[in-house]
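> Got a sequence here, can you build the structure:
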Amino acid sequence: MLSLQGRSDASSAELSAFVSGTHPRLGRDSLVLRLARRSGDDVLRLIASYVLCPERPALTSQGGTLKLIDMDSRKCTRSFMEKTDSPSEVSAINTVAVDWKRKQALTGSDDGCLRIWDMDLGVCIRSFAGHAAGSAIQRVDVDWEGRCALSCSVDCTIKAWDLDTGLCTQTFTGHTMAVHAISVDWKHRRLLSGSQDCQLKLWELDSGACVWSIDAPEHKFHEIVADWERGQALSAGGDCVKLWDLMTGMEVRRFAGEGKTSIAQTRSFAVNWAQRVVLTDSYDSACNLNTMRLWEIDTSRCITSFMGPFGFVWSVAVDWESKEVLTSGDEGLNLWDLDRGSGIELGEGLATKGGAHRAVVLSQ
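Just a heads-up that it's a prediction; the model follows:
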């Protein structure tokens with residue numbers, strides 16, 4: 001959906017309209033529409049300018065509540081949670097996947113349940129379980145066209161689901177500790193998983209067979225994002241982010257701050273495979289601060305760094321067009337200008353000190 005922004009002082013019906021490129025901040029998905037009036041000397045004089053731009057929604061979780069955000073106004077436009085007789089007992093949501101076209105979201109929670117949400121109505125339309133009771137779900141990955149999903153949990157398993165029936169269709173076992181990260185190649189039916197047992201595993205999705213397993217000492221996996229076409233993956237764990245070659249299963253390089261410290265934790269990152277850059281977050285518990293660093297993937301050169309939010313960060317999302325970074329963590333939501341490394345004030349309903357936020361997803 002497009003929104004129209006602008007003003008006009010037109011007083012004549014003799015108007016000409018023309019598109020004059022894109023908006024410098026909103027990028028290639030925006031259009032600048034200009035209206036002009038032809039004067040007596042046959043010269044077109046500009047009388048109005050409008051910006052046609054796509055909506056930029058984001059979705060985040062705070063406890064058991066989902067919040068829909070308009071990134072242009074930086075305000076919360078809707079919040080919703082599962083209806084229950086005891087709202088205080090609603091389980092915290094750890095992970096979210098969104099189908100922006102259908103306006104649906106799939107969430108995984110501390111209670112081990114998955115839920116499908118209608119974001120227009122703000123209601124949970126299906127809830128289903130299969131992981132061990134009370135085993136928190138850490139990550140979900142969804143094939144919305146194929147109506148199936150995968151989830152991983154602290155019960156050491158990965159499960160496949162039919163979204164239309166809510167039935168578990170397959171269980172992957174082999175990890176010995178909580179599984180925190182998965183990345184799925186739905187086209188070629190492959191699955192990459194990372195666990196607190198410091199193992200990275202590649203699976204065949206249909207047979208459930210493990211193709212290979214790699215030990216990564218001191219790298220307790222928290223997040224994985226794969227570029228299946230290039231045969232590469234990035235993972236966050238321990239005090240760094242690592243780049244892996246999926247053909248050989250070998251570590252290619254790592255991205256970490258200067259020096260190695262036992263108190264530094266790297267849990268999250270955001271990657272732009274097309275531009276070959278990755279934004280990492282490193283949390284120092286001694287001073288309760290985060291350092292954000294932007295790296296070149298192919299050289300591991302740090303392009304820029306800046307001090308991030310206070311408190312532990314759970315998730316990092318980047319709008320690479322507008323160069324805005326949205327983080328969720330123990331101290332709430334924070335918005336940053338990637339070029340300047342400076343904070344951007346959030347609007348109504350998104351107070352920085354509004355409580356812990358875990359998952360955050362930007363529309364692409």
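
> for this protein, what spans make up the helices?
Under the criterion DSSP state H, the chain carries no helices.

> so what are the domain limits for it?
2-52, 58-362 (automatic domain parsing).

> Kindly reformat these as a markdown table containing mean pLDDT and mean neighbour count.
(Glycine included, C-beta is placed from N, CA and C.) Output for these, formatted as a markdown table (pLDDT from 0 to 100; neighbours: other C-beta atoms under 10 Å):
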| stretch | mean pLDDT | mean neighbour count |
| --- | --- | --- |
| domain 2-52 | 52 | 12 |
| domain 58-362 | 92 | 18 |
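
> Who's the closest spatial neighbour of Asp330, skipping the chain neighbours?
With sequence-adjacent residues excluded and distances taken as C-beta to C-beta, 6 or more residues apart in numbering, Asp330 is closest to Gly311, at 3.8 Å.

> ok, Cys76 touching Lys67?
Yes: counting by C-beta atoms under 8 Å, Cys76 touches Lys67, with 5.0 Å between them.

> ok, back up a step: list phi and psi for the residue nearest to Asp330.
When read as degrees, to the nearest 10, the backbone of Gly311 gives phi 80, psi 170.

> which ones are touching it?
Residues in contact with Gly311, defined by C-beta atoms under 8 Å, 6 or more residues apart in numbering, are 288, 290, 329-331.

> so how far is Gly332 from it?
Counting by C-beta to C-beta, to the nearest Å, the separation of Gly311 from Gly332 is 8 Å.

> can you check Ile93 too?
Following C-beta to C-beta, the distance that separates Ile93 from Gly332 is 15 Å.

> cool, Phe172 as well?
Taking C-beta to C-beta, one finds Phe172 at 34 Å from Gly332.

> Then Thr304?
From Thr304 to Gly332 the distance is 24 Å (C-beta to C-beta).

> Then Met307?
In terms of C-beta to C-beta, Met307 sits 16 Å off from Gly332.

> Pro217 now?
34 Å.

> for Asp120, same thing?
Applying C-beta to C-beta to Asp120 and Gly332 gives a distance of 26 Å.

> do Met292 as well
The gap separating Met292 from Gly332 is 16 Å, by C-beta to C-beta.

> and what of Val90?
On the measure of C-beta to C-beta, Val90 and Gly332 end up 18 Å apart.

> for Ser342, same thing?
For Ser342, the distance to Gly332 - C-beta to C-beta - is 18 Å.

> ok, and what's touching stretch 81-96?
59-61, 63-66, 105-111, 113, 115, 123-124, 127, 136-140, 358-361.

> what residue is smack in the middle of the protein?
Val361 (3.7 Å; C-alpha atoms, centre = their mean).

> mind listing the strands for the stretch 251-364 of the chain?
264-265, 269-272, 277-284, 289-296, 302-310, 313-319, 324-329, 332-337, 342-344, 360-362 (DSSP state E, counting those that start in this stretch).

> Reformat the ones you listed as JSON lines; add distance to Asp206.
Below are these laid out as JSON lines (distance: least, C-beta to C-beta, whole Å):
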{"stretch": "strand 264-265", "distance to Asp206": "36"}
{"stretch": "strand 269-272", "distance to Asp206": "27"}
{"stretch": "strand 277-284", "distance to Asp206": "31"}
{"stretch": "strand 289-296", "distance to Asp206": "35"}
{"stretch": "strand 302-310", "distance to Asp206": "40"}
{"stretch": "strand 313-319", "distance to Asp206": "30"}
{"stretch": "strand 324-329", "distance to Asp206": "34"}
{"stretch": "strand 332-337", "distance to Asp206": "39"}
{"stretch": "strand 342-344", "distance to Asp206": "45"}
{"stretch": "strand 360-362", "distance to Asp206": "28"}
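
> just so I have it, where are all the strands in the stretch 51-200 of the chain?
Going by DSSP E, counting those that start in this stretch, the stretch 51-200 of the chain shows strands at 57-62, 65-70, 75-81, 93-99, 104-109, 113-118, 123-129, 137-143, 148-153, 158-162, 168-172, 179-185, 190-195, 199-204.

> Tell me which of the ones you listed sits nearest to Leu338.
Closest approach to Leu338 among those (C-beta to C-beta): strand 57-62, 15.4 Å.

> which neighbours does the closest one have in its sheet, and in what orientation?
Using DSSP bridges, strand 57-62 pairs in its sheet with strand 65-70 (antiparallel), strand 360-362 (antiparallel).

> can you state the direction angle for that strand and strand 75-81?
Taking axes from the mean of the first three to the mean of the last three C-alpha atoms, to 10 degrees, one finds strand 57-62 and strand 75-81 inclined to each other by 50 degrees.

> how far does strand 57-62 sit from the chain's center?
Distance, stretch centre to chain centre, for strand 57-62: 9 Å (C-alpha atoms, centre = their mean, to the nearest Å).

> ditto for stretch 72-88
19 Å.

> For the closest residue to Arg358 other than its chain neighbours, give its distance to Ser109.
In this structure, Arg358 finds its nearest non-sequential neighbour in Trp314, 4.6 Å apart by C-beta to C-beta, 6+ apart. Trp314 sits 14 Å away from Ser109, going by C-beta to C-beta.
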